[in-house]
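Trainee: any chance you could fold what I've pasted below:
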Amino acid sequence: MSVAAAQVALMWCGGAMAQATPGPVPPATTAAPAAAASAAPSPSEATTAIVVQGKRAALQSAQKIKQESDEIVDSIVADDIGKLPDRSVTEVLQRIVGVTIDRTMAKGDPEHYSVEGSGVNIRGLSWVRSELNGRDSFSANGGRSLNFEDVPPELMAGVDVYKNPSAEQIEGAIGGLVNLRTALPFDYGGFKGAVSLQSTYSPLREKASPSGSVLLSNTWVTDDFGKFGALIDLAYSESATRNDKIQVEPYYPRTDIVAGQTAWVPKGAQWRSEDFDRTRQGAYGALQWKLGDVESSLTLFRSDYKMDWAENALFAQSNAYNITVDDGATWGPNGNLVRGTMRAPADGGINFGADTRIMTRESATQDLGWNLKWKASEQWSFSTDLQYIRATTTSFDSTVATGVQMPKETIDLSGDVPRLIFDDDDRARLADPAHYYWGSTMEHFEKSKGTEKAWRGDAKFKFNDPVLVDLRFGLRLTDRDAHTVNTGYNWSAVTQPWMAWWYLAPGSLAYLNDPRFSAGAHLRSFDNFFNGSMSMPSLIFPDASVAGGYPDSYATLHGYAKTLCEEFNGAGSGACFDFWNARDASDPQFLNRQRERTQAGYAQLRFAFDEWQYPVDGNVGLRVVNTRNKADGYTVFVPATNVPDDATGVPVPTIAAFAEAQNYAHDYVNVLPSLNLRMKAGKDLQFRFGYASGISRPDFSDMQAYTSLSQTATVTTLPDGTTRVDSVTHTGTASGNPMLKPVKSQQVDLTAEWYFGRTDSVTVAAFYKDLKDIIVKQTYAKQLTDTSGQPVDFVVTGPINGANGHAAGMEVAYQQYFDSLPDWLSGFGVQANYTFVDSKRKLHSPVYSPYCSGGNTAANVNLNLNGCDTDGRTFGDLPIENLSRHAYNLTLMYDKGPVSARVAYSWRSKYLQAVNANGTNGGDGTDTNPDSPTNGQHNVAWALPTWQDAYGQVDAGVSYKWSDNLQIGLEGQNLTDSTNKQLMQQHIGMMGRAWNANGPRYTVTLRYAF
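Mentor: Alright, predicted model coming up:
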């Protein structure tokens, strides 16, 4: 019995969606292959072809697979060669029930928007594993899965999302597994060729971007050597988008603005524009051979991704407590400023930075796989599989900023989108170089490489028994290396107002009207901002060549500060130190070397009680996996230097300073049982039950073996000149923890499925995942030994397995074509799905404190886990990041004759993005703790929880088939020009942080098959 992993077909702009799970493949529709797609490969078998013709035939076949399968899997299948429904795999995945995507450039960076989407979450969890044709696949990003936006969708025959595992599946996916599928030559049964050309236009960017793909496949049959097949598939794609953003700074509590009450005032509002250009190339080749009962395939897949991103941004950097508000302002019910004019006379104006930021990233993933299958007899079959994968990523990020002091800023926050109001004097001042100075630089460099060698061998014994179907068992061995260099973000001041009186003469900044400092900047206008709905002033920004000229341009800029400092303090003055030093990428603190080996074995029994009144079938299995991880790193210790030998008081342990290379080894075993049952309550109604244990190993970035330890002594100088030690603390910060264990889950799944027509169904699924050993950053103890042999405990902050939790919810999906309608109306159909997820995380050692204290460091666990407001109060009770409680998709379809059309709406509710993210944190919060000795001072570190507000957008497409070979289409994304809103949580409510506008995109497509 051939078993295929499940698929669901979603055909968009000529596609259809259904849900499916692995199980016996029903007979395929064997008409001429207008569309051909491989069924999702089961973990132990090669791809099985499913050939369909027409949209409804594809939907019917996919629905049949779901109805007869063992597991819960949803999929999207290309209904034509190179024709997945969206412009990226990430966007494709959001159509599936239970799957949501993020729209940020990088995890943990909510400030920068991604038009095409980024991270993928399944049932609210980010622990997602990725495969290519049933084999492990990943990007070199310090994580364990692919950047799905890096993968050319034109090469995909389908995308499968597994939601409950079986023993034969590769371990490592608590949230779910995404398997990307490519075609094999035998899928087409003979010669096949296809060419696709697209052009995508972004009106906001005013630029068109070309894309194209070509596929050639053929098979040959010989009398003596069997059947051969060869396939080659190439893809090229460009994208050019733009995102405009308005931001409001966090609100600060002020008692000196409105008499008798606390007013909450932001320290400014700002705007930015971001241009994003990416080039994605893909190449895939496959050879296939079959002779008698032996079959083999060899595949090579390569994807290359290059991204260039440029930003011009204004950001507020004034002292929040020097902001004033003119009389006549409007205030909200919680005392928040709604409309008014702000000034900062004590600072000479509201201080802003105007930056030019450029970022480049080049990534490549190459996958070579070989598979051999042998059907030894009617009962026994065997397979073996070899894989080698290599992934690389290199990125460089450079920011150079000027500074400007704005006399006033008028904001109106009463509408859906903020309005920033400027008069002619404001605009003239902001366009004058005399008011700008060179402000700061920041660089970041990253280079990663990951490789994996994997082998697996599988066997299947087919029973001749009315109950037992087959027994599957096998082994899998892997050897994976990950090497990452990450220098972090190195911000350095050039000249800033706060340098006055000690480094620079008052008012002596590196102004652009000074001939010595005037080169390298330009006036930039914000044309068509927010699709022409706003008129923003022009600003002076550094040239892109200055940001891209690192390190020479950085040295030149920081030389300006040195020149001004020596004019004030005298040449050779010790006060004129360097604010900027280029980071050494070979420094151990920036290196992360990991090696991981796994050995896994499984056995899985499939059974069927067909004679029962309500037949039951399914599988039960056990997977056992041993993981061995090795990490190379450093431990650095810095002793207290302010304690003389004759000091009295608290004794200070004597430990010599050191920086030692260290090696770590971690070995653990996981036993993972699974059970999947299906009961047929009738011809069209069935129920499923699934239970499984799962794991998700920690990201390699969380296992970096670098720890910095320090000894700090508080001392008092006595009247006689001696020193008394009052206290000694031993602390540390760990970049990672090589001894982390995987996150574990026990999960239960229930489904009810009603198939009331050839393409019509209603399905309901409920799930519960009990989570253990969730990774959080908290404190743990680490010991060193002093010179007397006594152990010394250090309190180290770093990632640990420090929390438990759960994720529970339900999914509902409905699809139907209205065939009973007369004539052309019978082409209409609808697809709809809804997901609800609830989550909770409980720390092993709670760290909640009602009031905030301390600095913005890794050691401030209360700040980093619970969040702190600018008034010094803690938030707490935050959900798991990236989890929306509600999400839904609604698609209206039409398929009749040569016309196919879709209008789809995807929506998800608000969710927590991050705590302590850039732009919504600081160190100048007001201490409101009544028991604090510094009550009322502005010395508390604060970090706001940042949320993505509820967001939905409309996409649509229509295609027309001129002939059996030629098809044209028009697609549109974000046709309603939806504005994406970001929130920041404060005690006065969920305040608007950012509004993103990127406009619609339109794609024209021409496809020719032969």
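Trainee: can you pull out the helices in the chain?
Mentor: Taking DSSP state H, the helices of the chain run over residues 55-68, 89-93, 424-430, 544-548, 552-569, 861-866.
Trainee: nearest to residue 607, out of these?
Mentor: Evaluated over the helices of the chain, closeness to residue 607 peaks at helix 55-68, with 15.1 Å, by CB to CB. Heads up, the C-betas are built off the backbone N, CA and C, glycines and all.
Trainee: look at residue 386 and report its pLDDT.
Mentor: On the pLDDT scale, residue 386 is placed at 98.
Trainee: hmm, back to that, please identify which of the helices of the chain is closest to residue 279.
Mentor: Closest among those, using CB to CB: helix 89-93, at 16.1 Å.
Trainee: which other helices and strands does that closest one contact?
Mentor: strand 99-101, strand 158-162 (3 or more CB pairs under 8 Å, 6 or more residues apart in numbering; DSSP states H and E).
Trainee: tell me how far it lies from the chain's centre.
Mentor: Centre-to-centre, helix 89-93 and its host chain are 13 Å apart (CA atoms, centre = their mean, to the nearest Å).
Trainee: low-confidence ranges in this structure?
Mentor: For the chain, the stretches with pLDDT under 70 are 1-59, 61-62, 79-85.
Trainee: residue farthest from the centroid of it?
Mentor: Distance from the centre of the chain peaks at residue 720, with 60.4 Å (CA atoms, centre = their mean).
Trainee: list the contacts for the closest residue to residue 918 other than its chain neighbours?
Mentor: Here the nearest residue to residue 918 in space, its sequence neighbours aside, is residue 111; by CB to CB, 6 or more residues apart in numbering that works out to 5.8 Å. Taking CB atoms under 8 Å, 6 or more residues apart in numbering, we find residue 111 in contact with 917-919, 994.
Trainee: just the buried members of these?
Mentor: Among those, those classed as buried by 16 or more other CB atoms under 10 Å are 917, 919, 994.
Trainee: quick one: end-to-end distance for stretch 545-558.
Mentor: This stretch, stretch 545-558, spans 16 Å end to end (CA to CA, to the nearest Å).
Trainee: my bad, should have said stretch 982-1000
Mentor: End-to-end span of stretch 982-1000 (CA to CA): 19 Å.
Trainee: ok, now stretch 976-996?
Mentor: 14 Å.
Trainee: quick check, residue 876 in contact with residue 863.
Mentor: No. Using CB atoms under 8 Å, residue 876 makes no contact with residue 863, being 11.2 Å away.
Trainee: before we move on, the earlier item: just the closest of the buried ones among the contacts of residue 111 to residue 633, please.
Mentor: So of the buried ones among the contacts of residue 111, ranked by how close each gets to residue 633 (CB to CB), first place is residue 917, at 26.7 Å.
Trainee: give me the phi and psi for the closest one.
Mentor: Main-chain torsions, residue 917, degrees, to the nearest 10: phi -90, psi 160.
Trainee: again with residue 507
Mentor: phi 80, psi 0.
Trainee: and of the helices and strands packed on helix 89-93, who's closest to residue 257?
Mentor: Of all the helices and strands packed on helix 89-93, strand 99-101 comes closest under CB to CB, at 40.5 Å.
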